[in-house]
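Q: Any chance you can model this:
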Amino acid sequence: MQGRFSTHLGVRPMDPIVRRLRSLAPLSDADVEIVRGLAERRERHAPGAQLVAEGGVSAGPRFMVSGWACRQRLMVDGRRQIFSFMLPGEGIGFARRPALAATVALTALETVDATPILEAVRRGATPALARALAAMECLEEALLLDHVARLGRLTAYERVAHFLLELQQRLEIAGLGDKQRFPLPLTQEILADALGLSIVHVNRTLQQLRRGGLIELRSGVAILLQPEALAKICDYRTTAVQPIKAA
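A: Model (predicted):
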């Protein structure tokens, strides 16, 4: 469904990455060409593939081209906590240190090897991309703090509303959704593992939001019918990192 949604919006393979980086720092045409030059370094991953093992080090920096992944930790009894989701345009493995959680593909996905960008940044050849990567790291921390607040202080109804608003914002920036519609290829089990709820509770909450005329779910696409009302319900605050400009 995500691929059909993307094609419908006329999104080219590297567009989500360019759009995401441009939202974090002003890029020149030359910077954009460097990013688009990664297109030949694409790699496909099957659903369930482990991109980074917990305690392991990523094989190298990558950008998500399509598909969804998550950072997760499994308990001994099989229970799972999902800490964050990786969406098209976002980065994986830029920090060269042992991973505190596993990164796993939730759907079929494609990544591109971003090593050339990281090497150019280290040489000081692309200051704008360096600023974008720094801002990307700040944004990841901001999203993680939002998730902690979501799990620690929001009701189930508020959690689901807050999570849907976050996904809408992130996917719109990547050019994969608009103010109301965006792909949602997640099962209720995945939602439960991310939001600290049971599958039954997730189902009940989604039905409640539907009955309230706030959302619709159609074949892997979420529609926020009243985004302003949803934002008031959960005190949603747009998670943003201001574009970093040259000094």
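Q: Just checking, which helix or strand succeeds the helix or strand bottoming out on mean pLDDT in the chain along the chain?
A: Across the helices and strands of the chain, mean pLDDT, DSSP states H and E gives its lowest value to helix 2-8, namely a mean of 44. Using DSSP states H and E, the helix or strand that follows helix 2-8 in sequence is helix 15-24.
Q: what helices or strands is that following helix leaning on?
A: Contact here means 3 or more C-beta pairs under 8 Å, 6 or more residues apart in numbering; DSSP states H and E; on that basis helix 15-24 packs against helix 29-36, strand 62-66, helix 127-153, helix 156-173. (Glycine included, C-beta is placed from N, CA and C.)
Q: hmm, try it at 6 Å
A: Applying 3 or more C-beta pairs under 6 Å, 6 or more residues apart in numbering; DSSP states H and E, we find helix 15-24 packed against helix 29-36, helix 127-153.
Q: buried set for the longest one?
A: Read that as helix 127-153. Buried residues in helix 127-153, counting neighbours by 16 or more other C-beta atoms under 10 Å, are found at 127-133, 135-136, 139-140, 143, 146-147, 150.
Q: any residues touching stretch 146-166, and which ones?
A: 195, 196, 197, 201, 205, 230, 233, 234, 236, 239 (C-beta atoms under 6 Å, 6 or more residues apart in numbering).
Q: Inside strands: which ones of those residues?
A: Among those, no member falls in strands (criterion: DSSP state E).
Q: ok, which pair from the residues you listed is furthest apart?
A: 201 and 239 (24.5 Å; C-beta to C-beta).
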